[in-house]
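>>> coords please:
(one chain, ligands or ions: 2)
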Amino acid sequence: MAETVKHEESFEFQAEIKKLLDILSHSLYTHKEVFLRELISNASDALTKMRFHSLANHDYEGKDLPLEIKIDVDEKNKILTVSDSGIGMTKDEVVQNIGTIAKSGSLEFIKNLSEQAKKDSSIIGQFGVGFYAVFMVADEVRIRTKSYKKDEPAYEWRSDGSGKYFLHPVEKESRGTDIVIHLKDDEKEYTDKSRIQEIIKKYSNFVSFPIIAGGEKANQITAVWKEPKKNVTDEQYTEFYKFISNTEETPLFRLHTSAEAPIQFYSILYCPATNQEIYGFKKLDHGVQLYSNKILIQADCKLLLPEYMRFIRGVVDSADIPLNISRETFQDNRIVHKIKSILVKQILTLLQDIAKKEKEKYETFWRQFGRIFKEGLHFDFENRDALAQLMRFNSSTCADADGLISLKEYVDRMKPEQKEIYYITAVNRETMEKSPYLEIFRKKGIEVLYLIDPHDEFLLTSLIEFEKKPIRSADQANLDLLKDIDKEIVDTSSEPQNYDDMFKHLLKTVRVVLADKIIDARESHRLSDSPCCLVNPDGVPSVHVQKLIQMMDKDYRISKKIMEINRKHRMVQNLARMNENPGLQQLVEKIVLQLFENASMQDGVIYDPLSMVPRLNELMEELTKAMLGEGKRIIV
Ligand code: ADP
Ligand code: MG
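Numbers count the residues shown, from 1 in each chain. Ligands and ions are numbered 1, 2, ... in the order given. Purely as a prediction, here's the structure:
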């Protein structure tokens, strides 16, 4: 560290920053060059704020300064300087902005990153810790800054990126900030003028202020969104996306709009290729920038797109929006609302188009953003039909859990006699495939939607119907409606004598034994391989959804169900016979209890494991006795 300076104060970094700095300076990152993008982006932010401020106020430092960024290199001393004529910082602001991390979760994220084998620092800027990236290449950094506020003294901040930083007043003539970087020995490439120009082209080409590097303007400064579409190449679009979203990724798709009437506006919107929310980094911020005639008004405008499109990045520029609009009055701005409604419709139309023509791309979109996007069904009533068309689900006809189908595809291949759309909910595809509820559907060749995400059931039930076909849970299906599909001939020849009466008697016994556990017991028409199952009365959500409710409301009780019994099942027939013999009542009761618990488990609820195991042991004891001919042998 350099010599001590008079009137210098020393500060400790916030603990979180210390950890962050430690990771940054001791990990081997790829793409270290992004530190420059971060510094330029901060300079550009400071200039934007200055330009904005100057529109309404006339009393500030350095009125005649051009708004620009300068980058100078000193090869001999290995020093790189990034200067701007932006708003600068007061002493308090330096301590506040450079000494603490504003965004929560940033450190968590970086920590997880550092554990990955290959470190890619290109994402740093997205998480609000951009400035510190400079310590990947620097062994000392000085910030000299003078605020736009009148009569504020200039300050110098310096740190070597270990635990401390120092502040002292400094002579600085003009408003703005200089970042003076003393490069590490092996980072000499950043004193090469052409290397610097190359990095600027790569990451900062669209910064809307001139960047002067080594005396030459190094960036393009076009408002791409105002260009006619035919003048913009794919590369430029992609480059612009990378610039506004601070990533290396190529976007999944884009939408460039210029509207004349009823409102004049320009916009370019992009869908990213990956969803950061999936990787657990909190809820995404809205990413659309609002401009009025090329001047940035708001960087993360929430009102231009609905919540369920929060992953879309881009810019919207309308000269019809007043520059001095405050965040509060935005809410009621008619023009903003109108633009939003137009953009949403355009995005939905584009998505329909992609779904039709580029199925794979649409599926990529769905896998990444489906979880966020489908929230739209709940909230965007106006575009419900379009949204319903865009939903995707796994279903019994898909080859595996990755398959996706649309409701339209489902309806198009429904059996002629089929009147409803069916779904089943469970934690995974395997469970659903083994579910007794599906037996009748499989037998009749009827497709069933597999809902793995519990929110899907909320969504589908709120949709109520699709193309006039009611949407119904497989365990609530009105089986009368299935009667005419693939009619089967019932063969009763193998039933025991007087089975009708015996079966009725068995139902009675079940009702008594399970009196406090079920609503009723009845004959099933949906089972073929299973002896019994539990079904919901009409209008009750599935256990899957009820468990969700229970997580939010501890007092919520999972509702009782109806036990359906398969009279054609061999074991049921045997049980009915045993039930006719008073001497076997105890055993019958145990079997009935066990049948109930088995059915509960298939439904995803473990009822009473503590009494189940001894009961199973007793039943097995009976079984072993019977196998050895020692049990009671009573033929009815
Ligand atoms: P972010 O830019 O996401 O806020 P950074 O770590 O890049 O995070 O910067 C932290 C803060 O430091 C900025 O929000 C800003 O207040 C301040 N800052 C950084 N560079 C400058 C600069 N050149 N001029 C004025 N303020 C700056
Ligand atoms: Mg920044």
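
>>> which SSE is residue 519 in?
Using DSSP states H and E, residue 519 maps to strand 518-523.

>>> buried set for that strand?
Applying a neighbour-count criterion of 16 or more other CB atoms under 10 Å, one finds 518-519, 521 buried in strand 518-523. C-beta coordinates here come from the backbone N, C-alpha and C atoms, glycine included.

>>> The most centrally placed residue in the chain: which element?
Central residue of the chain (CA atoms, centre = their mean): residue 277, 4.0 Å from the mean position. Here residue 277 sits in a region with no helix or strand, counting by DSSP H and E.

>>> from memory it sits against residue 372, does it?
Yes. Assessed by CB atoms under 8 Å, residue 277 is found in contact with residue 372 at 6.6 Å.

>>> shared neighbours of these two, anything?
Common neighbours of residue 277 and residue 372, counting by CB atoms under 8 Å, 6 or more residues apart in numbering, are 284, 311.

>>> Run through the stretch 451-600 of the chain and note the low-pLDDT ranges.
Within the stretch 451-600 of the chain, the segments meeting pLDDT under 70 span 477-478, 486-490.

>>> let's see it at 80
For the stretch 451-600 of the chain, the stretches flagged by pLDDT under 80 are 454, 476-493, 538-539, 542-544, 548.

>>> what does the strand holding residue 519 rub up against?
Residues outside strand 518-523 that contact it (CB under 8 Å, 6+ apart) are 503, 507, 510-511, 514, 534, 537, 560-565, 567, 596.

>>> Sheet partners, orientation included, of it?
Here strand 518-523 is paired, per DSSP bridges, with strand 561-565 (parallel).

>>> what does the strand it pairs with contact?
506-507, 510, 514, 518-524, 526-527, 531-537, 572, 596, 599, 603.

>>> rerun that using 6 Å as the cut-off
Contact with strand 561-565 is made by 518-522, 524, 532-536, 572, as judged by CB atoms under 6 Å, 6 or more residues apart in numbering.

>>> Ligand 2: which of those residues is nearest?
For those, the residue nearest ligand 2 by CB to the ion is residue 536; the value is 53.0 Å.

>>> Contacts only, for that closest one.
475-476, 561.

>>> Residue 294: which of these is nearest?
Proximity of these to residue 294 (CB to CB) peaks at residue 476, which lies at 56.9 Å.

>>> contacting residues around that closest one?
Neighbours of residue 476 in contact, by CB under 6 Å, 6+ apart: 536, 538.

>>> Return the distance of it relative to residue 538.
Using CB to CB, to the nearest Å, residue 476 is found at 6 Å from residue 538.

>>> And for residue 96?
In this view, residue 96 and residue 538 are 59 Å apart by CB to CB.

>>> neighbour-wise, which of the two wins?
residue 96 (12 against 9; other CB atoms under 10 Å).

>>> what kind of secondary structure is the more buried one in?
helix (DSSP: H, G, I helix; E, B strand; the rest coil).

>>> possible to save the contacts of strand 561-565 as CSV with distance to residue 139?
Shown next, in CSV, are the contacts of strand 561-565 (distance: CB to CB, whole Å):
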residue, distance to residue 139
518, 74
519, 74
520, 78
521, 79
522, 79
524, 76
532, 74
533, 70
534, 69
535, 71
536, 67
572, 80
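
>>> Can you list the buried residues in the helix or strand hosting residue 349?
Assigned by DSSP H and E, residue 349 belongs to helix 334-357. Using 16+ other CB under 10 Å as the test for burial, helix 334-357 gives 335-336, 338-340, 342-344, 347-348, 351, 354-355.

>>> Next: stretch 393-411.
393-396, 398, 403-407, 410.

>>> Repeat that for stretch 48-62.
If you call a residue buried by 16+ other CB under 10 Å, then stretch 48-62 has these buried ones: 48, 50, 52, 61.

>>> what's the spacing between the third one and ligand 1?
The spacing between residue 52 and ligand 1, counted by CB to the nearest ligand atom, to the nearest Å, is 13 Å.

>>> Could you give the secondary structure assignment for that residue?
helix.

>>> For it, give me the pLDDT.
Here the pLDDT value assigned to residue 52 is 82.

>>> can you list the weak-confidence ranges in the stretch 251-400 of the chain?
276, 278-285, 293-299, 322-332.

>>> ok, now how distant is the residue in it that ligand 1 sits nearest to from residue 315?
Here the stretch 251-400 of the chain gets closest to ligand 1 at one residue, residue 299, 10.1 Å apart by CB to the nearest ligand atom. Distance of residue 299 to residue 315, given as CB to CB: 10 Å.

>>> Likewise for residue 516?
Distance from residue 516 to residue 315, by CB to CB: 63 Å.

>>> of the contacts of strand 561-565, closest to residue 442?
residue 533 (13.7 Å).

>>> Wait, a helix at that closest one?
No. Counting by three-state DSSP, residue 533 is located in no helix; its state is strand.

>>> what about it, neighbour count?
25.

>>> now swap in residue 23 and tell me
Neighbours of residue 23 under the rule other CB under 10 Å: 19.

>>> ditto for residue 78
If you count neighbours by other CB under 10 Å, residue 78 ends up with 18.

>>> which residue packs closest to it, ignoring adjacent ones?
For residue 78, ignoring the flanking residues on the chain, the nearest one in space by CB to CB, 6 or more residues apart in numbering is residue 183 at 4.5 Å.

>>> Need phi/psi at that neighbour.
Per-residue torsions, residue 183: phi -80, psi 150 (degrees, to the nearest 10).

>>> Narrow the buried residues of stretch 393-411 to those in strands?
Among the buried residues of stretch 393-411, the members found in strands (DSSP state E) are 394-395.

>>> Quick one: neighbours of whatever residue of the stretch 1-150 of the chain ends up closest to ligand 2, just the number.
Ligand 2 sits closest to residue 130 of the stretch 1-150 of the chain, with a gap of 3.3 Å, by CB to the ion. As a burial measure, residue 130 scores 20 neighbours (other CB under 10 Å).

>>> Cross-check the contact I'm expecting between it and residue 39.
No. Contact criterion CB atoms under 6 Å: residue 130 and residue 39 do not qualify, at 7.9 Å.

>>> Helix or strand: which one has residue 400?
Here residue 400 sits in a region with no helix or strand, counting by DSSP H and E.

>>> ugh, wrong one, I meant residue 182
Under the criterion of DSSP H and E, residue 182 resides in strand 176-183.

>>> give the contact list for the residue nearest to residue 78.
Contacts for residue 183 (CB under 6 Å, 6+ apart) come out as 78, 137, 190.

>>> what's the closest non-adjacent residue to the second one?
Meaning residue 137. Using CB to CB, 6+ apart, the nearest residue to residue 137 is residue 187, at 4.2 Å.

>>> Could you measure from that neighbour over to residue 305?
Taking CB to CB as the measure, residue 187 falls 40 Å from residue 305.

>>> quick one, which of those two is more surrounded?
A count of neighbours by other CB under 10 Å puts residue 305 above the other of residue 187 and residue 305, at 22 against 19.
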